[in-house]
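Trainee: what's the 3D shape of this:
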Amino acid sequence: MPTTHSQIATRIVSTNPATGEVLGEFECAALSGVQAAIAQARPAQAAWARTPVRERLSIVENFQRALHSRKREIAESITREAGKPCAEALSTEVLVTLDAAEYCLQNAFAVLRPEPVPHASLMMKSKKGYLLREPYGVVGIISPWNYPFSIPATQVLAALVAGNAVVLKPSEFTPAVALQLKRLMDEAGLLPQNLFQVVIGDGATGAALISAGVDKIVFTGSVATGKRVAQAAVAKLIPLVLELGGKDPMIVLDDADVDVASSAAVWGAFVNAGQTCLSVERCYVHKTLYEKFLQTCVAKMEKLRVGNGMEDGVDLGPMIHSRQLQVVESHITDAVAQGARLLAGGKRLPQLGENFYQPAVLADVRPAMRIMREETFGPVLPVMSFDSDAEAIALTNDSEFGLAASIWTTNRKRGEAMAAQIQAGTVMVNDVVSCYGISEAPHGGVKSSGMGRSHGRLGLEEMVWPKYVDSDRLPRMKKIWWYGYSGGFMAQMENSVDFLFARHWWQRLAAGLRSLAIFRRKGRL
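Mentor: Residues are numbered from 1 along each chain as shown. From the prediction side, this is the model:
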């Protein structure tokens, strides 16, 4: 992300990655435009924060209905701008967003309402305590191109329901999808003007969003850009959530069902042409199943159809742009040069277009190879063998990333025991990727995969800050810990400590009586 606002582009051109067709040109927001958006959002947010949660949820319900009624239209628009097959756009974007809206409808009121805070200490029993969850104000969301609808939509819904205003900066590759999300929210009605705005631009526009002074940043993207976002936010003490991708491992144990696990590996590695932060990017298979697993994966991969995502029966669409395709090629070239076997695929498909690439299966990879250490973000399944559960865990944890992982076994207890030893924000036993579609499940990682969470209760709580309210029920009673400290104050405190924490009941009773006597002498009663 550039640090100087003079680098902000003036226009952005959106193209269809499958055909190269220009879908639209969009004016980029300058720094002044970003500042204006935030300034306009503040009075709208102040009014919105006073709106009861149940009334805010009526917007979510209307949005959900509008999205459902236009599900195919939205899916097709996602496919045109992001390239993924229309069926994937429907399942991984539209369906996920509908479910996120349903989660808000069913749970937001319970999560956001005041929460009593019981006091265990007898000295504090006269107090009533409760927790309020206050909206931050204006939340800046910087979203990626690989899931241009579901990622920002789930975050926008959580932020709005919690009482915030939102300024969304979508990827420069997928601005049209973000604007369609904005239109759907506008159609839901009742939103105060300027409560939800979209600013179009490149990385410098995202930098302007931070420097202009939003109250929280939610960023999804690469580790390198995420670090720059974090540095800029910390300099202004802006809290943030970072989802920075992963190098997600898949462990296939010696008792796994090879047919099931191989199908999962092929889908998990190639869904959205591998351009998924939860993609299977490292696959570890027990040595007794290794060759059979490879053969099965290759056979299934070769049946996949690559093409324009708008066509029926297409399994993989194009990659988003040629630069990402070059990253995939460089990782495969490096692996093969170091002894890996390219079993199938791994070729450009120029007859389809410049962004099309045949998915690849690699065998005999090693941990030091780039393809096992750096995020590839493309349709490649690299596979290596292991000897023991302990080795598989060590290989899995030997990574700077920690977003998600999966374990494959017919013994669920064994898988769950291993899951406890994996360093990742999510560990799935006998499934891949789909954890993102569980609206109740928090999404996020550890290590270089980021900080904070989206989705579920934790995702809603990221959009608020906690305020503790303490109300004393005895307003006419002086507190024993107030001044003065002379006249036996030390003895009074010792008696109070003994009354609360002495080992035996009679010791506590004696201390209480002594304390009461001192209390009366000092005129506190």
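Trainee: distance across stretch 11-23, terminal residue to terminal residue?
Mentor: In terms of CA to CA, to the nearest Å, the two terminal residues of stretch 11-23 are separated by 13 Å.
Trainee: what residues of that stretch count as buried?
Mentor: Along stretch 11-23, these residues count as buried under the neighbour rule (16 or more other CB atoms under 10 Å): 12, 14-19, 23. (Glycine included, C-beta is placed from N, CA and C.)
Trainee: can you pull the contacts of the closest residue to residue 101 other than its chain neighbours?
Mentor: In space, and not counting its chain neighbours, residue 101 is closest to residue 64: 4.1 Å by CB to CB, 6 or more residues apart in numbering. For residue 64, the contacting residues are 98, 101-102, 105, taking CB atoms under 8 Å, 6 or more residues apart in numbering as the criterion.
Trainee: secondary structure and pLDDT for the residues you listed - can I get that in JSON lines?
Mentor: Formatted as JSON lines, these follow (DSSP: H, G, I helix; E, B strand; the rest coil; pLDDT from 0 to 100):
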{"residue": "98", "secondary structure": "helix", "pLDDT": "98"}
{"residue": "101", "secondary structure": "helix", "pLDDT": "98"}
{"residue": "102", "secondary structure": "helix", "pLDDT": "98"}
{"residue": "105", "secondary structure": "helix", "pLDDT": "98"}
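Trainee: ok, of the residues you listed, which come out buried?
Mentor: Applying a neighbour-count criterion of 16+ other CB under 10 Å, the buried members of the contacts of residue 64 are 98, 101, 105.
Trainee: of all those, which comes closest to residue 150?
Mentor: Ranking these by separation from residue 150, with CB to CB as the measure, puts residue 98 on top at 9.6 Å.
Trainee: for that closest one, give me its contacts.
Mentor: Residues 64, 67-68, 71 are the ones in contact with residue 98 under the rule CB under 8 Å, 6+ apart.
Trainee: let's have these in CSV, adding pLDDT and distance to residue 124.
Mentor: As requested, the contacts of residue 98 are exported to CSV (pLDDT from 0 to 100; distance: CB to CB, whole Å):
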residue, pLDDT, distance to residue 124
64, 97, 44
67, 97, 48
68, 97, 49
71, 97, 53
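Trainee: neighbour-wise, which of those residues leads?
Mentor: With neighbours defined as other CB atoms under 10 Å, the most crowded of these is residue 67; it has 23 neighbours.
Trainee: helix or strand for residue 295, which one?
Mentor: Under DSSP states H and E, the secondary-structure element containing residue 295 is helix 290-301.
Trainee: ok now that helix, how far from the chain's centre?
Mentor: Centre-to-centre, helix 290-301 and its host chain are 32 Å apart (CA atoms, centre = their mean, to the nearest Å).
Trainee: so how far is stretch 411-418 from its chain's centroid?
Mentor: The chain centroid and the centroid of stretch 411-418 are separated by 25 Å, computed with CA atoms, centre = their mean.
Trainee: wait, residue 67 touches residue 96, no?
Mentor: No - taking CB atoms under 8 Å as the contact criterion, residue 67 and residue 96 are not neighbours in contact, 10.9 Å apart.
Trainee: what pLDDT does the model give the closest residue to residue 439 other than its chain neighbours?
Mentor: In space, residue 439 comes closest to residue 103 once its chain neighbours are excluded; the distance is 3.7 Å by CB to CB, 6+ apart. Residue 103 is assigned a pLDDT of 98 by the prediction.
Trainee: next up, phi/psi of residue 345, please.
Mentor: When quoted as degrees, to the nearest 10, the phi and psi of residue 345 stand at phi 70, psi -150.
Trainee: returning to what we had before: after the helix holding residue 295 comes which helix or strand?
Mentor: Proceeding N to C from helix 290-301, the next assigned helix or strand is helix 322-337, under DSSP H and E.
Trainee: tell me the mean pLDDT for that next one?
Mentor: Helix 322-337 comes out with an average pLDDT of 97.
Trainee: can I see the domain layout of this structure?
Mentor: 18-245+457-467, 249-431, 478-521 (automatic domain parsing).
Trainee: right, and out of the contacts of residue 64, which lies closest to residue 361?
Mentor: Taking CB to CB as the measure, residue 361 sits nearest to residue 98 out of those, at 33.9 Å.
Trainee: and for residue 300, the neighbour number?
Mentor: Residue 300 is flanked by 17 other residues according to other CB under 10 Å.
Trainee: any idea how far it is from residue 263?
Mentor: 6 Å (CB to CB, to the nearest Å).
Trainee: and the nearest residue to residue 389 once chain neighbours are set aside, backbone torsions?
Mentor: Distances taken as CB to CB, 6+ apart place residue 418 nearest to residue 389, at 6.3 Å, with adjacent residues excluded. Phi and psi for residue 418, reported as degrees, to the nearest 10, are phi -70, psi -40.
Trainee: same thing with residue 350?
Mentor: As for residue 350, its main-chain torsions (degrees, to the nearest 10) stand at phi -60, psi -20.
Trainee: quick check, pLDDT for the nearest residue to it once chain neighbours are set aside.
Mentor: Leaving aside its chain neighbours, residue 350 sits nearest to residue 356 (7.6 Å; criterion: CB to CB, 6+ apart). For residue 356, the pLDDT comes out at 98.
Trainee: I'd say residue 356 and residue 314 touch.
Mentor: No - the criterion here is CB under 8 Å, and residue 356 misses it with residue 314 at 10.6 Å.
Trainee: residues touching residue 220, list them.
Mentor: The neighbours of residue 220, taking CB under 8 Å, 6+ apart as the test, are 142-144, 151, 242-244, 277.
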